[in-house]
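**Student:** The amino acid sequence is not available; the structure is as follows:
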């Protein structure tokens, strides 16, 4: 299971519950337009008359299918804005391009229930003491500001920059390291930020076209050419502009000075991080080879084509949900490919084991109690931050202690509801509550992408296919060892030797934990400690293709409560893919302790258990639940290319371990990328994507230092 399969934010979260070190200034999320969705382009396959049993080549030998599938922003202080606006007036000359943020990608959704429908909630990755990016009309596309109103234009461009992770009035660490200005904190920095934001917004307004340096310079006064050069170069080399899969982007060739040698880079892994890094390195003029152990690209992003009895569908067995579209690089790719997005609707009815819908009053009361428990735990954490840091305990232990103190959910039905919310957190973090660090489990919340959570019609393999095209990828090359020194690195895979000036390792944290790849010399103790401390958890799925949709077309999710607390994560949440997969497809999630036990069951037993749950919900309503024409179970824990799903901050770990894991070793010979190396966006598809871009820039920096790479990138 890939990093990104997380629920959106819960609509009933208490917005007033905030802790000082976790909360950026309050911002509301961007709004997206919602045209009708399109059907997926799943290929036609020969129908069958009964559920199929076959072996998936990606699976461990014991995993087959019945089917069975892949185991696989600060607000400006009063008065400061006038200085920035004056600088904007001094810098920008002539007309300026209109800007369309990433949220302008089409999103498809059906009308939501109101009034008498089930309680509206957003299933979220975790309890977030965080409000999303403010999407005023200037960014929603309802009102676009031209240069006639430079203050509003500046605000628009600044918001776009914030959405992709830039601070309002300061530089990022990468910009400081890149010496984009001569003096930190002076007027030059303020002017640089305005120029940077302008260039970024200009490209984002038409992300399918390569933005040249001359075009970037066009609207800026000539005396600021050096700032344009600095900002353009930084944005280009770090993958903030001119990235993706549009034809003009593919065809662009970056220039280098004649006679400058290009470094050779061996990329280990063709998951999202590896593919993105490889493409960027090729654009930057490097010679690249990618080694992938599987027979396909994508890693933990796996779209399975399912078919039977005249119905077809595309099922995302790994990463599936784009968790926040504002500033998300996959939003850019979707625009470039002309892919409409389907907004995951907030409605999520819950059902008791008897099949009855949960009483709305009880549901609401328990949800409020659950959020208050989290509030109190996090408030305690803030008041005892040093004590918590020195003696870290689990989030689960703290929540259970507070539950008992306050007498929350003592009624059996209320306890089942509370367990459902705990299962949702275990899903979000791919681990048991007892494993999550109380001090740091939500350390990345302030950075989360704003905007809608969306599905891609036809599955995320559409991204993978485009990212992998034209890259030199060697499949079925499982890496055994990496030997590195002052003269380069040697990678041994499947009996072959690959030599490079540098190596980029993008394998999942689970593989690093197993020690499958031998590093010579051994990795530094600092990095080995981070690998050991960070958690790598598990989430599994059952994908079921039916001959018709019996659960209804007006919801994207519904939940099921369990009587046994230890199995609260078993089929606790169902995702309907009917509107985006091309057929009547339903995916059941298995989280927490249940996800571990799930891997011990046979596929037949697993599918019978999920069908029992579905029939328990719908039979009392007089709805017949047929056998699926095809069903697929994941076994990500047994997959020897991943050994789990995605990372989390375990007891004894912290966000710093993500940074340590991202550090290069061997004086810039071996680099690391992947979701578990991204402190801001761990356990997400966009986190993996951005880590690949980050390391491509780091490799360029080191190669430049050695004078073996392109020197001019304009």
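**Tutor:** Everything's here; your move. Keep in mind it's a predicted model, so treat the numbers as computed, not measured. Numbers count the residues shown, from 1 in each chain.
**Student:** quick one, what contacts residue 455?
**Tutor:** Counting by Cβ atoms under 8 Å, 6 or more residues apart in numbering, residue 455 makes contact with 320-322, 341-342, 344, 577, 580. Any C-beta I mention is one placed from the backbone N, CA and C, and that applies to glycine too.
**Student:** Distance of residue 323 relative to residue 537?
**Tutor:** 16 Å (Cβ to Cβ, to the nearest Å).
**Student:** okay, those two: which has more neighbours?
**Tutor:** Using other Cβ atoms under 10 Å as the criterion, residue 323 and residue 537 rank with residue 323 on top: 31 against 28.
**Student:** Help me confirm that the more buried one comes into contact with residue 448.
**Tutor:** Yes. Contact status for residue 323 versus residue 448: in contact at 7.4 Å, counting by Cβ atoms under 8 Å.
**Student:** Just want the phi and psi numbers for residue 608.
**Tutor:** Phi and psi for residue 608, reported as degrees, to the nearest 10, are phi -60, psi -40.
**Student:** For it, grab the count of nearby residues.
**Tutor:** 13.
**Student:** again, but for residue 686
**Tutor:** 25.
**Student:** Quick check: closest non-adjacent residue to it.
**Tutor:** residue 328 (5.1 Å; Cβ to Cβ, 6 or more residues apart in numbering).
**Student:** Assess the claim that that neighbour and residue 450 are in contact.
**Tutor:** No. Assessed by Cβ under 8 Å, residue 328 is found out of contact with residue 450, at 9.2 Å.
**Student:** For these two, work out which one has more neighbours and name it.
**Tutor:** Applying other Cβ under 10 Å to residue 328 and residue 450 shows that residue 328 carries more neighbours, namely 27 against 24.
**Student:** you'd agree residue 481 is up against residue 522?
**Tutor:** No. Applying Cβ under 8 Å, one finds residue 481 not in contact with residue 522, separated by 11.3 Å.
**Student:** neighbour count winner among these two?
**Tutor:** Neighbours were counted for residue 481 and for residue 522 using other Cβ under 10 Å; residue 481 has more, 13 against 10.
**Student:** what's the spacing between residue 465 and residue 392?
**Tutor:** 42 Å.
**Student:** tell me the contacts of residue 171?
**Tutor:** Going by Cβ under 8 Å, 6+ apart, the list of residues near residue 171 reads 180-181, 184, 189, 192-193.
**Student:** let's see it at 7 Å
**Tutor:** 180, 184, 189 (Cβ atoms under 7 Å, 6 or more residues apart in numbering).
**Student:** My reading is that the first one is in a helix; is that accurate?
**Tutor:** In other words, residue 180. No. Under DSSP: H, G, I helix; E, B strand; the rest coil, residue 180 falls outside any helix and is assigned coil.
**Student:** in the stretch 501-650 of the chain, which spans are strands?
**Tutor:** Assigned by DSSP state E, counting those that start in this stretch, the stretch 501-650 of the chain shows strands spanning 502-505, 518-520, 535-536, 540-545, 557-560, 570-576, 585-590, 630-633, 647-648.
**Student:** no no, the stretch 101-250 of the chain
**Tutor:** Using DSSP E, counting those that start in this stretch, strands in the stretch 101-250 of the chain cover 107-108.
**Student:** in it, which ranges drop under the pLDDT threshold?
**Tutor:** Along the stretch 101-250 of the chain, the model assigns pLDDT under 70 to residues 101-153.
**Student:** same check, this time on the chain
**Tutor:** 1-153, 253-261, 385, 387-389, 708-714.
**Student:** quick one, domains of it?
**Tutor:** 80-250, 262-299+460-533+651-705, 308-324+341-442+537-633 (automatic domain parsing).
**Student:** Dump those into a markdown table; add distance to residue 640 as well.
**Tutor:** Formatted as a markdown table, these follow (distance: least, Cβ to Cβ, whole Å):
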| stretch | distance to residue 640 |
| --- | --- |
| domain 80-250 | 27 |
| domain 262-299+460-533+651-705 | 8 |
| domain 308-324+341-442+537-633 | 13 |
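**Student:** can you tell me which of these comes nearest to residue 641?
**Tutor:** domain 262-299+460-533+651-705 (5.3 Å; Cβ to Cβ).
**Student:** which stretches of the stretch 451-600 of the chain form helices?
**Tutor:** When assigned using DSSP state H, counting those that start in this stretch, the helices of the stretch 451-600 of the chain occupy the ranges 461-468, 509-514, 525-533, 578-581, 592-598.
**Student:** can you tell me which of those comes nearest to residue 250?
**Tutor:** Taking these one by one with Cβ to Cβ, helix 461-468 is closest: 9.1 Å.
**Student:** The residue nearest to residue 542 when sequence neighbours are not counted bridge partners, please.
**Tutor:** Leaving out its chain neighbours, the residue that sits closest to residue 542 by Cβ to Cβ, 6+ apart is residue 588, at 4.5 Å. The partner list for residue 588 in beta bridges (DSSP bridges) reads residue 542, residue 574.
**Student:** Residue 588 and residue 574 touch, don't they?
**Tutor:** Yes. Residue 588 is within contact range of residue 574, at 5.3 Å (criterion: Cβ atoms under 7 Å).
**Student:** And for residue 217, nearest residue in space, chain neighbours not counted?
**Tutor:** Residue 217's closest residue in space is residue 228 (Cβ to Cβ, 6+ apart), at 4.9 Å.
**Student:** tell me, how many neighbours does the one you found end up with?
**Tutor:** Neighbour tally, residue 228, other Cβ under 10 Å: 24.
**Student:** That one: what's it in contact with?
**Tutor:** 195, 216-217, 220.
**Student:** re the thing from before, columns distance to residue 204 and neighbour count on top of the contacts of residue 455, output as CSV?
**Tutor:** Shown next, in CSV, are those (distance: Cβ to Cβ, whole Å; neighbours: other Cβ atoms under 10 Å):
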residue, distance to residue 204, neighbour count
320, 25, 27
321, 22, 22
322, 17, 28
341, 16, 28
342, 22, 26
344, 23, 26
577, 29, 26
580, 25, 28
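**Student:** Switch these over to a markdown table; also include secondary structure and distance to residue 692.
**Tutor:** Formatted as a markdown table, these follow (DSSP: H, G, I helix; E, B strand; the rest coil; distance: Cβ to Cβ, whole Å):
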| residue | secondary structure | distance to residue 692 |
| --- | --- | --- |
| 320 | coil | 19 |
| 321 | coil | 20 |
| 322 | strand | 17 |
| 341 | strand | 22 |
| 342 | strand | 26 |
| 344 | coil | 25 |
| 577 | coil | 27 |
| 580 | helix | 26 |
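**Student:** mind putting those residues in CSV, distance to residue 426 included?
**Tutor:** What follows is those, written out as CSV (distance: Cβ to Cβ, whole Å):
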residue, distance to residue 426
320, 18
321, 17
322, 21
341, 27
342, 26
344, 19
577, 22
580, 25
